[in-house]
Structures are given as structure tokens and as C-alpha cells.
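Asks: Show me the folded form of this:
(one chain, ligands or ions: 1)
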Amino acid sequence: MSNDAVNLARKAFETGEGLDLDTRLRRIDAVRRMLLEQTADFTAALSQDLRKHPDESWMTEIGFTCNEVQHTTKNLRKWLAPERASVPLSLLPATAKIVRDPLGVVLVIAPWNYPVQLSLVPVMAALAGGNTVVLKPSELAPATSAALARWIPEYLGEAVQVVEGGVPETTELLKERFDHIFYTGNGQVGKVILRAAAEHLTPVTLELGGKSPVYVDDSVDLTAAAQRIAWGKYLNAGQTCVAPDYVLASPETARKLAEVLPKVIKGLFEKDPRSSSDYGRIVNQRHFGRLTGLLEGAELVTGGDSEAGDLYLAPTVVRAKSTDPVMQEEIFGPILPIVEVPDEAAALAFIKERDKPLALYVFSENKATRRNFMDNTSSGALCFGVPAAHLLVPGLPFGGVGPSGMGAYHGRDSIDVFTHRKAVFDKPLKPDTMKLIYPPFNNLKHQV
Ligand code: NAD
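Replies: Residues are numbered from 1 along each chain as shown. This is a model prediction of the structure:
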């Protein structure tokens with residue numbers, strides 16, 4: 001019962017045990033130990049849910065989370081240390097500092113596409129902040145959800161309560177009072193979360209998605225650029241929040257990319273993605289139907305073949321116009337539209353007319369072009385020369401802006417999410433320098 005889980009997490013928080021640095025370090029290390037000792041089980045679950053290759057599961061889920069734990073372990077003492085603030089002369093003698101308080105009980109709601117990483121990185125960060133957690137994994141990755149429910153109690157005890165289930169269970173959970181809600185998923189549900197959080201004035205982090213554009217110009221080696229774009233796009237069969245959603249290029253560059261991309265895709269998946277163990281599957285029939293629907297009437301460059309029974313959709317490239325169905329929503333699957341724009345200015349205008357993206361990717365050797373995108377666009381992240389790899393840099397905040405999200409985490413930013421920076425001011429009663437400002441007032445000269 002969701003109610004019981006929240007009560008248990010609350011009780012575990014109120015023991016005060018998690019406040020101590022050593023306990024926090026032990027808890028976050030338990031996340032790493034769990035992943036290392038149970039790698040086989042988590043890898044099998046990820047294969048069952050999404051047919052991820054074990055190497056891909058290591059790189060993007062298990063190893064990724066362990067790296068985040070290591071980075072946090074190394075820095076936590078420093079990140080939690082009180083910060084001094086300077087005191088204006090008029091208030092001296094006094095001291096001022098900022099201390100980081102845990103928030104309490106955190107609700108983490110995770111999606112299905114990276115169901116280990118996107119559950120455990122926030123859980124680990126919340127524990128590092130001294131909190132206890134209720135985790136709601138995604139029902140759409142049921143094998144991974146079951147693995148998390150199986151192992152978390154063993155490694156983390158009462159500090160992390162797992163509540164499995166779908167919309168009804170999450171709706172029940174959201175009626176409870178939490179001290180923070182950390183949600184990863186789509187923006188429609190993000191609105192549901194915000195509304196529920198408003199009832200208790202609970203602060204919320206929303207890690208959302210949207211269409212992440214790519215701009216390519218002819219100053220780059222197009223084969224090398226296509227290789228990187230295809231890697232980022234077809235990882236996890238395109239079901240990655242920071243996957244390149246579509247490519248903008250001039251007619252000439254678009255024509256060249258359409259020649260190069262099919263060759264590059266063949267190289268990635270040994271000529272036949274269907275029989276390659278390196279290529280994943282669409283999560284379920286609903287998403288499969290949505291994606292194949294987007295391909296109806298599309299101008300295919302490569303791919304397009306599919307098999308419903310196997311949830312297989314080939315790595316696909318299409319030529320598209322801005323009015324095509326594939327350009328109306330986040331694709332979240334292995335379809336890459338190439339959209340022609342006359343020039344760089346038109347590409348910028350195209351991006352700025354739409355929602356601020358989670359990530360924006362630019363392939364150009366031209367300094368002025370890079371500067372132009374840096375200064376004139378707003379996105380969760382801006383990457384030159386590679387998609388998605390910025391997540392591997394623990395010092396970079398990961399989050400969106402506007403419709404692509406609210407708040408950011410990873411590394412030190414996670415500690416900002418999961419702690420409260422409490423202002424502490426300490427002024428001795430004597431000497432009483434405050435008497436200068438007590439009434440009765442004396443018509444002071446107002447100066448700043
Ligand atoms: P999903 O369907 O698994 O939903 C996410 C979570 O929300 C699940 O735990 C689910 O049970 C819960 N949920 C679903 N409907 C709900 C409702 N009506 N009320 C309460 N809870 C509900 O995942 P999804 O939303 O399909 O995930 C894909 C989206 O997430 C894409 O838009 C993608 O870009 C985005 N995403 C963002 C990030 C990021 O870090 N910014 C990472 C991964 C995915």
C-alpha cells in the first residue's frame with residue numbers, strides 16, 4: 001500500500017540515522033554494491049524489457065550509475081560542508097553560514113526507457129542528501145521494476161521503499177505528502193505531477209523530453225558526423241530522452257547526409273539490425289503502433305521495415321517537411337527525419353519557433369556558427385560534435401528548460417536538488433549594536 005510505504009519511509013527518516021555522513025556514504029555505496037553483485041539479474045531484466053545488449057546496459061545504466069555513485073562518494077563531504085557568508089559591517093559582530101538540511105521523504109517516479117539509471121541515480125542522490133525515498137519504477141519496464149523491488153529492500157532496508165504499479169498506484173501515491181517529488185517522463189504526466197504537488201506545496205523536479213534538434217553544415221566531415229548522429233539516435237532503438245530527434249541541414253548537406261547515413265547504419269549493426277544483438281526493441285505495441293503510424297506516407301531514405309510480433313522497427317531515415325506528422329511530436333523511436341532549411345539563419349529560426357529542447361546538437365567547424373547557436377538558442381544542453389555524451393560528464397547539470405524540464409541533477413547539482421540550503425545567522429547579544437536601529441527613529445539620512 002502506498003500509504004504504508006510513505007509511513008515507513010517517514011519513520012526511517014525520523015530516526016535521524018541518514019543524517020550522518022558515514023551512513024549516507026554506506027547507503028550510496030549499497031546502491032553500487034547492489035548493481036555490481038546483481039549485474040546478471042539487472043542485465044537480464046533490461047534485455048527482457050528492451051532487448052538491450054549487456055554492453056549497452058553497462059554503459060548507459062549499470063556502469064553509468066556506479067560512476068555517479070563514485071563521483072558522489074569522492075565529493076560528498078565537500079559538497080555538504082557549510083558555506084560561510086560575509087556579514088555587512090553594520091551587523092558586526094556576527095557570523096553567517098549556509099548549512100544543507102535533508103528535505104525528508106522524496107518520491108522518485110521513474111520512466112521505462114533507462115529504468116535502472118533513471119530510478120537509481122535520483123535515489124542515490126536523495127540518500128546522499130540525507131533523505132529517505134519512495135521509488136515508483138515504471139510499469140512499462142516490468143522485469144526491471146521487479147528486479148528493483150526484489151533487491152532494494154535487501155541492500156537499502158527501510159531507507160528506500162519501492163512501490164510498483166501504474167497510473168492507479170501512482171495516483172494514490174501522489175495524494176500523500178512528500179518533501180520533494182522527482183519525476184522523469186513526458187510533459188503531459190509532468191502537469192499531473194505538478195497539480196498533485198500543488199496540494200501540499202511540494203517542490204518538484206521535472207525531467208522531461210521533447211524534440212532535440214541537430215544542425216549540420218558542410219564544414220564538417222559528414223561521415224564522421226553521421227556516425228555520431230546515428231549512434232545517438234539508434235541507441236536503445238531511439239528511446240532516449242536526449243536522442244537526436246531530427247536533423248536540419250541545407251539542401252546540399254541534406255542530400256549528402258541521406259547518402260552517408262544508410263552506410264553508417266549498416267556499419268553499426270552488421271548489415272542486419274533485425275538479427276544483430278546490438279539493436280534493441282520498441283518497448284510495447286502501443287509505441288510500436290505510434291511509430292509505424294508516423295511512417296505512413298513518409299519519404300523513406302533507409303529502413304522502415306518492421307515486425308509487430310518482435311516489436312522490431314529498423315533504424316530508419318526519412319526526408320520530412322515541418323508539416324509532416326513525424327515533426328509534430330517527440331519521436332522517441334528509431335526514425336530520423338532530415339529536414340531541409342535554406343541556411344543557418346533559417347535553422348535557428350526553426351528551432352526558436354518551437355519548444356526549448358532538452359538538448360541541441362551542432363555539427364560545424366565554423367566558429368561564427370557555433371557562437372551563433374551558443375548566443376541565440378536556449379536548451380537544456382548544447383553540444384558540439386556529439387549527441388547524448390554530455391550525460392557522462394558528472395560536473396554538468398542534466399535537465400531541461402521550459403517544456404523540456406524544471407531543475408537539473410547529476411553530481412553536485414543533485415545535492416542542490418535534494419537538500420535545503422538553510423541560512424544560519426548568529427549575532428551575540430552583547431555588544432548590542434542593534435540599538436542604533438531600534439525606535440524611536442531620529443530622521444536618519446537614507447543612504448545605500
Ligand atoms: P512512463 O510511461 O514510464 O511514465 C513515467 C512515469 O510516470 C512512470 O512511473 C509511470 O507509471 C508514471 N505515470 C504515467 N502516467 C501517469 C499518470 N497519469 N499519473 C501519474 N503517474 C503516471 O514514461 P514516459 O513518460 O513514456 O517516458 C518517456 C518520456 O520521458 C519522453 O518524453 C522522454 O523524453 C522523457 N524522458 C526524459 C528524461 C530526462 O531525464 N529528461 C529521461 C527519460 C525520458
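
Asks: Quick check: Leu382 is in a helix.
Replies: No: when DSSP: H, G, I helix; E, B strand; the rest coil is applied, Leu382 is found to be strand, with no helix at that position.

Asks: measure the spatially closest residue to it that is not a sequence neighbour to Ile351 for me?
Replies: Spatial nearest neighbour of Leu382, chain neighbours left out: Leu360 (5.1 Å); criterion: C-beta to C-beta, 6 or more residues apart in numbering. No exception for glycine: its C-beta is placed from N, CA and C like everyone else's. Counting by C-beta to C-beta, to the nearest Å, the gap from Leu360 to Ile351 is 7 Å.

Asks: Quickly list what's touching both of these two.
Replies: 213, 215, 377 (C-beta atoms under 8 Å, 6 or more residues apart in numbering).

Asks: And for Asp55, the neighbour number?
Replies: 12 (other C-beta atoms under 10 Å).

Asks: Helix or strand next in line after the helix or strand harbouring it, which one?
Replies: Using DSSP states H and E, Asp55 falls within helix 54-57. For helix 54-57, the following helix or strand on the C-terminal side (DSSP H and E) is helix 63-80.

Asks: now for that following helix, which elements pack on it?
Replies: When contacts are defined as 3 or more C-beta pairs under 8 Å, 6 or more residues apart in numbering; DSSP states H and E, helix 63-80 packs onto helix 21-37, helix 117-128, helix 412-418.

Asks: what's the angle between the longest one and helix 117-128?
Replies: Interaxial angle, helix 21-37 versus helix 117-128 (axes from the mean of the first three to the mean of the last three C-alpha atoms, to 10 degrees): 160 degrees.

Asks: Contacts for helix 21-37, please.
Replies: Outside helix 21-37, the residues touching it (C-beta under 8 Å, 6+ apart) are 17-18, 42, 62, 65-66, 69-70, 72-73, 76-77, 80, 116, 120, 123-124, 127-128, 130, 151-152, 154-156, 159.

Asks: out of those residues, which are buried?
Replies: Among these, the ones that count as buried by 16 or more other C-beta atoms under 10 Å are 17-18, 42, 62, 65-66, 69, 72-73, 76, 80, 116, 120, 123-124, 127-128, 130, 151-152, 155-156, 159.

Asks: so what's the one residue in the chain that gets nearest to the ligand closest to, chain neighbours aside?
Replies: Residue nearest to the ligand within the chain: Gly209 (1.8 Å; C-beta to the nearest ligand atom). By the measure of C-beta to C-beta, 6+ apart, the closest residue to Gly209 outside its immediate chain neighbours is Cys241, 4.5 Å from it.

Asks: In contact with the residue nearest the centre of the chain, which residues?
Replies: For the chain, Glu207 is the residue whose C-alpha lies nearest the centre (C-alpha atoms, centre = their mean; 5.2 Å). Shown in contact with Glu207 (C-beta under 8 Å, 6+ apart): 118, 182-185, 241, 398-400, 405, 407, 409.

Asks: Per-residue pLDDT of Leu291, please?
Replies: Leu291 carries a pLDDT value of 98.

Asks: does the one helix or strand Ala12 maps to come close to the ligand?
Replies: Assigned by DSSP H and E, Ala12 belongs to helix 2-14. No: Helix 2-14 lies out of reach of the ligand by C-beta under 6 Å from any ligand atom, never closer than 11.8 Å.

Asks: Which neighbouring elements make contact with that helix?
Replies: Against helix 2-14 (3+ C-beta pairs under 8 Å, 6+ apart) you get strand 105-109, strand 132-136, strand 160-162, helix 167-173.

Asks: wait, which of the ones you listed is closest to Met434?
Replies: strand 105-109 (38.9 Å; C-beta to C-beta).

Asks: How far does the closest one sit from its chain's centre?
Replies: Distance of strand 105-109 from its chain centroid, counting by C-alpha atoms, centre = their mean, to the nearest Å, is 15 Å.

Asks: what residues does the stretch 1-150 of the chain put near the ligand?
Replies: Counting by C-beta under 6 Å from any ligand atom, the stretch 1-150 of the chain sits next to the ligand at 109-113, 118, 136, 138-140.

Asks: Neighbour-wise, which one of the residues you listed leads?
Replies: Ala110 (28 neighbours).

Asks: so how far is Met434 from the residue nearest to that one when sequence neighbours are not counted?
Replies: Leaving aside its sequence neighbours, Ala110 sits nearest to Ser119 (C-beta to C-beta, 6+ apart; 4.0 Å). Distance of Ser119 to Met434, given as C-beta to C-beta: 51 Å.
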